[in-house]
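Participant: next come a sequence and a model predicted from it.
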Amino acid sequence: MQQTEKPRKPRLVGINHIALEVGDIDAALTFYGRLFDFDLRGREPGMAFIDLGDQFIALMEPRTQPPDRHRHFGLVVDDREAARRALSAAGIEPLPGGFFDFLDPWGNRVQIVQYSGIQFTKAPHVLRGMGLSRLDKSAEALEELERKGMAAE
């Protein structure tokens, strides 16, 4: 009897972009621009693209879903405390709990994470292209990467 090989499944390697529904593109760009330093990758009618180096956020209107009380996405920042100060200056209260989450005006739940404390790693040439010459990792993040065989050489 002939054995048949299982078809090879593709390997997940990252996230290219996330799409957020907002009520108004200009208002969303203003809102996120008060909180974060970013470049606009492009615009189309009803859409705008916030550049994250080799990834992006697609803002799309209109908002058709109810607010996201549990579903969320995490934005990686170079300075979590600066993000906390920016939210405070904008009058935005972080959500209660053990994480640094907030809701945007359209109910999208956003979690802020510090680059140095997580496994996610931008390649040095991508960081340079973003104007970030170097971002270090914490010892804990480096240990996690080492256990997975992903530590920098």
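Facilitator: Good, I have the coordinates. Residues are numbered from 1 along each chain as shown.
Participant: per-residue pLDDT, residue 73?
Facilitator: Per-residue confidence at residue 73 stands at 94 (pLDDT).
Participant: SS state for it?
Facilitator: Using DSSP: H, G, I helix; E, B strand; the rest coil, the structure places residue 73 in strand.
Participant: quick one: low-confidence residue ranges for the chain.
Facilitator: Along the chain, the parts satisfying pLDDT under 70 run over 1.
Participant: all strands of it, in order?
Facilitator: Remark: strands assigned in the chain by DSSP state E are 17-21, 39-44, 47-51, 56-60, 72-77, 101-103, 109-114.
Participant: pick the most deeply packed of those strands.
Facilitator: Among the strands of the chain, the stretch with the highest mean neighbour count (mean count of other C-beta atoms under 10 Å) is strand 56-60, at a mean of 20. C-betas here are computed from N, CA, C, even on glycine.
Participant: parallel or antiparallel, list what pairs with that one.
Facilitator: Counting by DSSP bridges, the strands paired with strand 56-60 are strand 17-21 (parallel), strand 47-51 (antiparallel).
Participant: C-alpha coordinates for that strand, PDB please?
Facilitator: Backbone C-alpha positions of strand 56-60 (Å, rounded to 0.1, in the frame of the first residue of the first chain) are rendered in PDB as follows:
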ATOM      1  CA  PHE A  56       1.400  48.700   9.200                       C
ATOM      2  CA  ILE A  57      -2.000  49.600  10.600                       C
ATOM      3  CA  ALA A  58      -4.900  50.000   8.200                       C
ATOM      4  CA  LEU A  59      -7.500  52.500   9.500                       C
ATOM      5  CA  MET A  60     -10.800  51.900   7.700                       C
END
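Participant: if I look at the residue lying closest to residue 151 once chain neighbours are set aside, how far off is residue 152?
Facilitator: Of all residues not flanking residue 151 in the chain, residue 145 sits nearest, at 4.7 Å (C-beta to C-beta, 6 or more residues apart in numbering). Counting by C-beta to C-beta, to the nearest Å, the gap from residue 145 to residue 152 is 8 Å.
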